[in-house]
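> turn this into a model:
(chains A and B)
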Amino acid sequence: MSNPELRQRPRLAVIKFASCDGCQLSILNLEDDLLALGQALDIAYFPEASSAMNAGPYDIVLVEGSITTAEDAHRILSVRQQAKVLITIGACATAGGIQALRNWGDIEAFKQAVYPRPDYIQSLSTSTPISEHVHVDFELWGCPIEKGQLLRVITDLVAGVQLHLPADSVCLECKRRGNVCVVVAKGMPCLGPVTRTGCGAICPAMGRDCYGCFGPSEGARKGPGLPPNTASLARHFHEGLQLIPVEVLRRFRGINGAVDPFRNESTVWENKG
Amino acid sequence: MAMAGEIGVLPRGDFQRLLDALNAKGYRIVGPTVREGSVVWETISSVFELPIGWRDQQEPGRYRLEQTGSPEIFGVVHGPQSLKPFVFAPREPLLQIERSKDGFATHPTLPQSEKVAIIGARACDLAGLATQDQIFLNGAYRDPYYAARREGLFLVAVNCTRALNTCFCASMETGPRAKHGFDLALTELDDQLLIEAGSEAGRDLLSNLCLSRGSEQLSAEAATRVDACAQSQVRRLDHSRLPQALYDAHEHPRWDEVAGRCLACTNCTMVCPTCFCHTVEETPDLSYQHTTHARLWDSCFTQEHGYIHGKNMRPTIKDRYRMWLTHKLASWIDQFGASGCVGCGRCITWCPVGIDLTEELPALLTPSEQQSTTSRRPEAAGG
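You can find the predicted model right below:
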């Protein structure tokens, strides 16, 4: 039985690295379920929500954000030591995020261009996902995460059930919703066919093309299966939809651009451009 | 006046009368409506919500609507949806499950049967529905959820007088004329529609409309247009050597070639009027005392579909495309006595990269020098 009253409530911490806080806000957006969540869990450390910040160790640690400084590269090690189960939330923590575009740029030039005193800025030249630094038990994709997926993962953790979320393409959910395909009917370069489901196909439902914020579908790092066929979709963007190589590159080098096979596909089209 | 079993003539300008008659019988009326560059089924009350003057152009991986300015009501042949979503719902809650002291209790959540009149089903759609009926209703396990949704349908078919570039129903012998499975069938002519009843409910409605009788000349003209539509189809699927020829092509190198293009995105199976694969999903509450047990559309192109007890039987896209096409065109015949393809062409149009089974099949049935002589050789890329 998993009645939370019969045993100690799991201690939860929510810890932030380089990120916009949007995924943490998704937790607070679980408005209808927050009371139940507070009863099921001991929310021990969640500075975004409460000034009561209790020390670890924690049963569940949700990590938002990527590693972009030497200090954070050390801090994530101690976070891992405090965590029984460590779950990344969102594209930054899971894939490096939009800030991983710096991985292809010149960090010194960026500092010079943006800051009056660039010498004050201590930053790594790369943004990397949490899994490149410590073992991650489960990853939640999305920019931001889908709050229903988060609730499901917490529900399963509290009940002691093996974590599982679908890794199918966005198209499956898009068709279940009865959306009209924006690639076929509008010629838009939608990443849905190679992007992981979970968002509810919200962009195509609004007549917009998916930009891959949930990362690659099945076969992505830390998932079973083979990587999605980005090569075929990219070829169609170029030959069928007349995107020039740099445009194809930019489709794949976005919020999840630092994770394969999106990373590799963008490199292929960089070399053609 | 048109009597039961005869053909009535409805002036195009009076089409609303048909909708009003259905409405008076208590039907919710559903018809194709223009949305996001295509047509989707929506509840309608007025003829003006139908895609008057629009025409669809379809080709592999491409769909475009154009406004012709004509008064034609049924110029759009079809959109991505067949009749499938009305009966085999994309997401069907099956059970509510509650924990109890001694285990758990289940409460089925059967959908309410609703009277729905669908305007504008095509012959291929009716053929797809007949195939789904065979799967969900006529086998050993009658599906009560499907049955409840199916029960209340009133089908107003439209005989096709214009073939799309992607249509091949003539070669599958499912169209373009609606032969059975409809309550009413329409043929749209220049300024009138011929209406034929195909069921008791259809005859009843037709007699309520008090239409004038269609002349033999009009019937002949309608037949000529439907025949011309069949003749004009540029695609065909030669199934004369199926199923065996496709089984024999199991090791054909073309499977690798098509797998290089296939995205395994599931679109072909989602738009297919006959594909019936589904998965079940639990949505428990936080206390794990209650869960909703629901059925969702699934596809043989997903990674999990091929997963059984520690092994994925279809790890590669090649495995999955081969599984789909072989089932659809070959083993379906062994399983159900007929092809799983009705020739609607949706899988061709709605494939984002335009893979065309009417091209793939002949390529697969053409002997290749590279073809392996051993049958059922283990896959190179195993899982």
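> residues near residue 151, how many?
Went with chain A since none was named. By the other C-beta atoms under 10 Å in any protein chain shown criterion, the neighbourhood of residue A:151 contains 20 residues. Glycine gets a C-beta too; all of them are placed from N, C-alpha and C.
> switch to chain B, please.
By the other C-beta under 10 Å criterion, the neighbourhood of residue B:151 contains 12 residues.
> now do residue B:39
Summarising burial for residue B:39: neighbours were counted as other C-beta under 10 Å, giving 25.
> can you tell me the helix or strand for it?
In this assignment (DSSP states H and E), residue B:39 forms part of strand B:38-43.
> stretch A:42-51: end-to-end distance?
With C-alpha to C-alpha, to the nearest Å applied, stretch A:42-51 spans 14 Å between its terminal residues.
> run through who's touching it.
Residues external to stretch A:42-51 that are found in contact with it (C-beta atoms under 8 Å, 6 or more residues apart in numbering or on different chains): A:8-16, A:21, A:24-25, A:27-28, A:37, A:53-56, A:58.
> list the ones among those that fall in helices.
Applying DSSP state H to those, the entries found in helices are A:24, A:25, A:27, A:28, A:37.
> what's the most distant pair in those?
Of all pairs drawn from the ones in helices among the contacts of stretch A:42-51, the one with the longest distance (C-beta to C-beta) is A:25 and A:37, at 14.6 Å.
> more neighbours, these two?
Set side by side, residue A:25 and residue A:37 show more neighbours around residue A:37, with 19 against 15, by other C-beta under 10 Å.
> so how far is residue B:217 from the more buried one?
Between residue A:37 and residue B:217 the distance, using C-beta to C-beta, to the nearest Å, works out to 73 Å.
> only C-alpha atoms, please: export stretch A:76-94 in CSV.
Taking only C-alpha atoms (Å, rounded to 0.1, in the frame of the first residue of the first chain), the coordinates of stretch A:76-94 have been written out as CSV:
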residue,chain,number,x,y,z
ILE,A,76,25.9,19.6,-9.0
LEU,A,77,28.2,17.0,-7.4
SER,A,78,27.0,17.9,-3.9
VAL,A,79,23.4,18.0,-5.1
ARG,A,80,23.8,14.5,-6.4
GLN,A,81,25.2,13.4,-3.1
GLN,A,82,22.1,14.8,-1.3
ALA,A,83,19.7,13.1,-3.7
LYS,A,84,18.2,9.6,-3.5
VAL,A,85,16.5,10.2,-6.8
LEU,A,86,17.6,13.0,-9.2
ILE,A,87,15.3,14.1,-11.9
THR,A,88,16.1,16.9,-14.4
ILE,A,89,13.2,19.2,-15.3
GLY,A,90,13.2,20.9,-18.7
ALA,A,91,15.4,21.4,-21.7
CYS,A,92,18.2,23.2,-19.9
ALA,A,93,18.9,20.5,-17.4
THR,A,94,18.2,17.7,-19.8
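> off-centre distance for it?
With C-alpha atoms, centre = their mean, to the nearest Å as the basis, stretch A:76-94 stands 12 Å off its chain's centre.
> tell me the buried residues in it?
Using 16 or more other C-beta atoms under 10 Å in any protein chain shown as the burial criterion, the residues of stretch A:76-94 that qualify are A:76, A:79-80, A:82-83, A:85-94.
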